[in-house]
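Participant: give me a model of this one.
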Amino acid sequence: MIRTAARTITVTQDLAACSVYITIDTSSISTQNIMRDEDLRGPAFFEVKRFPTMTYHGRGIRRVLQNSWTMDGSLSIRGVTKVVPLTFNFNGTAPSQPGKPARVAFHGSAVMKRDDFGMTRDDLEELGAFPAPGPDVEIEIDLEAVAKIPTQ
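Facilitator: A predicted model of the protein is given here:
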């Protein structure tokens, strides 16, 4: 689990105008294992002293299934930027209440190769190949967004 430092999500009827911009504090990583967390924060992985944040920025979304959309966005980790498709599934809208903004929920997922971002230590031991033949990291995002109330 990691915490976002900043995020902006735009959901509109115009699919080309939908966007996601997220900045993540890399020092906030938590696997519930203190030794593993410190290792992940170190130079072999996120190198948080040199790279305190990672970002994802995407614009434009396309429908792939009835309730599923994909956005091709740029993921930046350790000063390296790669296009990583992010697939969103719409989980529904919360019942609206008078005077309160609408709420929607999404589940997002993506896959990537950690060695694309310079994180290659233990590839042979953990993945059985160097470089890894395919994605070796799965990213899961649960998101609830509240509509911005227009100012009068």
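
Participant: please, where are all the helices along this structure?
Facilitator: According to DSSP state H, the chain carries its helices in the segments 34-41, 123-127.

Participant: which stretches of this protein form strands?
Facilitator: 4-10, 19-25, 53-59, 62-65, 68-77, 80-93, 103-112, 137-146 (DSSP state E).

Participant: chain center to the last one, what's the gap?
Facilitator: Read that as strand 137-146. From the chain centre to the centre of strand 137-146 is a distance of 7 Å (C-alpha atoms, centre = their mean, to the nearest Å).

Participant: go on, the shortest one?
Facilitator: On the basis of C-alpha atoms, centre = their mean, strand 62-65 sits 18 Å off its chain's mean C-alpha point.

Participant: quick check: residue 136 vs residue 57, distance?
Facilitator: 23 Å (C-beta to C-beta, to the nearest Å). Just so you know, the C-beta spots here come from the backbone N, C-alpha and C atoms, and that holds for glycine as well.

Participant: now stretch 85-100 - C-alpha only, PDB.
Facilitator: Coordinates of each C-alpha in stretch 85-100 appear next as PDB, following Å, rounded to 0.1, in the frame of the first residue of the first chain:
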ATOM      1  CA  PRO A  85      -2.200   1.100 -19.800                       C
ATOM      2  CA  LEU A  86      -4.500   1.400 -16.800                       C
ATOM      3  CA  THR A  87      -7.900  -0.400 -17.000                       C
ATOM      4  CA  PHE A  88     -10.800   0.900 -15.000                       C
ATOM      5  CA  ASN A  89     -14.000  -1.000 -14.100                       C
ATOM      6  CA  PHE A  90     -16.900   1.200 -13.000                       C
ATOM      7  CA  ASN A  91     -18.300   0.000  -9.700                       C
ATOM      8  CA  GLY A  92     -21.300   2.200  -9.400                       C
ATOM      9  CA  THR A  93     -22.700   5.500  -8.100                       C
ATOM     10  CA  ALA A  94     -23.600   6.100  -4.500                       C
ATOM     11  CA  PRO A  95     -27.200   7.100  -4.000                       C
ATOM     12  CA  SER A  96     -27.400  10.900  -4.300                       C
ATOM     13  CA  GLN A  97     -28.500  13.000  -1.400                       C
ATOM     14  CA  PRO A  98     -30.000  16.500  -1.700                       C
ATOM     15  CA  GLY A  99     -27.200  19.100  -1.500                       C
ATOM     16  CA  LYS A 100     -24.400  16.600  -1.700                       C
END
